[in-house]
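[1] Take this sequence and fold it.
(one chain, ligands or ions: 2)
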Amino acid sequence: MKLSSLIRHIPCVQLAGQTDPDIADIQFDSRKAGKGTLFVCVPGLRTDGHLYARDAVSRGAAALLVERPVDIAGTDAAVIQVSDIRNVMARLAVAFYGDPTRELKVIGVTGTNGKTTTTHMIRHLLEHAGRPAGIIGTLGVAYGDFEEKTANTTPESVDLQRYMRLMADRGAAYAVIEASSQALAMGRMNGCRRHLAVFTNLTRDHLDYHSNLKAYADCKAKLFDDSLCPGAGHPIAVVNADDPASDLMVRASRAEVIRYGIRRRADVRAVGIRRTDKGMAFAIAAVNETFEVELPLFGMHNVYNALAASAAALREGLSPAEIREALSGFRGVKGRYQFVQAGQPYRVIVDYAHNPDGLKKLLQTAREHGGKLISVVGCEGDKDKGKRPVMARIAAQYSDRTIFTTDNPHSEDPIRILSDMYKGLDHASCRSKAVIIPDRREAIACALDTARQDPDYSVVIAGKGHETRQWWHGTSIPFDDAEVAAETIRRLEAENAAVVK
Ligand SMILES: CC(=O)N[C@H]1[C@@H](OP(=O)(O)OP(=O)(O)OC[C@H]2O[C@@H](n3ccc(=O)[nH]c3=O)[C@H](O)[C@@H]2O)O[C@H](CO)[C@@H](O)[C@@H]1O[C@H](C)C(=O)N[C@@H](C)C(=O)N[C@H](CCC(=O)O)C(=O)O
Ligand SMILES: Nc1ncnc2c1ncn2[C@@H]1O[C@H](COP(=O)(O)OP(=O)(O)OP(=O)(O)O)[C@@H](O)[C@H]1O
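    Ligands and ions are numbered 1, 2, ... in the order given. Below you'll find the model as predicted:
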């Protein structure tokens, strides 16, 4: 595609270079630039893409999109200056990839917790009903036999449009996308036409990025208005009637609103909720029909996730029978209430809870199995420090014993993070339940050994879920909670057997 036709509708100034090169691709990372690339110089938090302009050109970039002049003297790359570079990048990505969301029904899911689970449920329901659907989120991108890991829950606009082009070309009818608040704030979803938008819930998180909870909620509300794609209309809004922040999402929307919930009047409600030995059973009462479902996942939070997915599926015309059958076969998501089975007589659960509400829901759910609970909990470095004492208090309140440990310290000192957590234990009763073991492997081993000696305990390992690495000071080491737990269970059993002999 010629540069001139790509930037046709963009207010810009050409600062330098040949007038109209052929553009082979768009990149925002110079290390991925090649022959004919349009390199977008994005100012970041750690560095600034403008510093890599020459690097991109040396790798073959034919054009640069900049917010300020760059020194690439001696080269003939075209330099195009714009303001609001992230928004322009998104618009160019839409044009370059032929506006794929015209050919797909995009379902976006936002909220503090439950995005990954709900997007996977929606995709499962659609595919079960014979409607091909791709997925984009924390666990990566998947459609048919295509799978790719992504750096972010919601990829940058260029990658997002590229993935949706791939899905459209391969025959997907839907793209189900997790929309993080940061992505909405940074315009990663700009230019994305949404057919339906789902809101799960809003509780404290990401206050390292957003100045306050209101700013955080306002970003989420963007999924429901038409600012992301002016002129394309508002998406159908599927919102949680029991969460007060839904009002904000609904106010942003001018389209049809469908409310799901348990406590408040809703269009799609769960009634007669009970726990079974395999998960949750309940009836879904929708406007014209009521039908029983058996969800093989535990926890009220998963009832909400299933209601959100079912409300979206009903709106898309799936029948109660299709929804019932699909939900009963939903196998869950890696690292979300995942049971570790290594032959041990006690329960071990790995879960991605990494904020106060997620942790509370997790521990409440685990308590319902009966018996005692020992939890292993940590807080990530470089993220919302205010949630550390709150999570520590929740861990102590809802567990019989809790071990505070390390979870991706990034640039921070792990001991500092643990000390921030410990400050949340304002009652002696909480302090008496907690111990600190900075080494995560040792912390997990200690919890498992407690349960080995007293199998009335269930062990909950929170925070890392599906993750397979532990990050510290820009490097990472392999660390998969479920694998570490399984190995440790076997080791403890073997050591104990040797002692008994
Ligand atoms: C705070 C934040 O959002 N950071 C994102 C941002 O990084 P940054 O601003 O630090 O970028 P940077 O490292 O300063 O680099 C600036 C530019 O220089 C470019 N560069 C850099 C080096 C080089 O050699 N050449 C080069 O061109 C980079 O590609 C980039 O375009 O731009 C990067 C490229 O798109 C993102 O991957 C990165 O997300 C990081 C990994 C991140 O942690 N983001 C979090 C806050 C986030 O967005 N999370 C949500 C999910 C949250 C949840 O639901 O739990 C998400 O959607 O992922
Ligand atoms: N509806 C919910 N309400 C509260 N907590 C939930 C809900 N669904 C899941 N959780 C908790 O949040 C954790 C993360 O769930 P999930 O990955 O589905 O959410 P997410 O919004 O995608 O999170 P992230 O964006 O950080 O990846 C789960 O492991 C569970 O502990």
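[2] okay, CA-based contacts and neighbour counts for the rest of this
    OK.
[3] pLDDT averaged over the helix or strand hosting Ala142, what's the number?
    Element membership for Ala142 (DSSP states H and E) is strand 140-143. For strand 140-143, the mean per-residue pLDDT is 98.
[4] Measure how far the helix or strand just after that strand is from the centre of its chain, please.
    Moving toward the C-terminus from strand 140-143, the first helix or strand encountered (DSSP H and E) is strand 146-148. The gap between where strand 146-148 is centred and where its chain is centred comes out at 17 Å by C-alpha atoms, centre = their mean, to the nearest Å.
[5] Outside of the lengthiest strand in the chain itself, list whatever touches it.
    For the chain, the longest strand by residue count, based on DSSP state E, is strand 268-275. Where contact means C-alpha atoms under 8 Å, 6 or more residues apart in numbering, the residues beyond strand 268-275 that reach it are 258-262, 280-287, 298, 303, 307, 311.
[6] Just the buried ones among the residues you listed, please.
    Buried residues within the contacts of strand 268-275, counting neighbours by 16 or more other C-alpha atoms under 10 Å: 258-262, 280-286, 298, 303, 307, 311.
[7] Which residues does stretch 350-357 contact?
    Against stretch 350-357 from outside (C-alpha under 8 Å, 6+ apart): 203-205, 335-340, 359, 362, 379, 387, 390-391, 394, 460-466, 481-482.
[8] any bit of that stretch sitting next to ligand 2?
    Yes - contact between stretch 350-357 and ligand 2 is present through 351-353, 357 (criterion: C-alpha under 6 Å from any ligand atom).
[9] In strands only, show me those.
    For these, secondary structure assignment (DSSP E) places Asp351 in strands.
[10] want to try CSV for the residues of stretch 350-357 next to ligand 2, with neighbour count and distance to Leu125 as columns?
    What follows is the residues of stretch 350-357 next to ligand 2, written out as CSV (neighbours: other C-alpha atoms under 10 Å; distance: C-alpha to C-alpha, whole Å):
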residue, neighbour count, distance to Leu125
Asp351, 24, 23
Tyr352, 20, 23
Ala353, 24, 24
Asp357, 20, 26
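[11] pLDDT below threshold where in the protein?
    501 (pLDDT under 70).
[12] okay, now the domains of it?
    What the record gives for the chain is the domain set 3-85, 100-328, 338-500, from automatic domain parsing.
[13] Quick check: which of those is nearest to Val94?
    Of all the domains of the chain, it is domain 100-328 that lies closest to Val94, at 6.2 Å by C-alpha to C-alpha.
[14] that older thread, now render the domains of the chain as TSV, adding distance to ligand 1.
    Putting the domains of the chain into TSV (distance: least, C-alpha to the nearest ligand atom, whole Å) gives the following:
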stretch	distance to ligand 1
domain 3-85	3
domain 100-328	3
domain 338-500	9
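[15] In helices, which of the buried ones among the contacts of strand 268-275 appear?
    When helices are assigned by DSSP state H, the members of the buried ones among the contacts of strand 268-275 inside them are 303, 307, 311.
[16] hang on, the earlier thing: in helices, which of the contacts of stretch 350-357 appear?
    The members of the contacts of stretch 350-357 that map onto helices under DSSP H are 359, 362, 387, 390-391, 394, 481-482.
[17] can I assume Arg491 sits in a strand?
    No - secondary structure of Arg491, determined by DSSP: H, G, I helix; E, B strand; the rest coil: helix, with no strand assignment.
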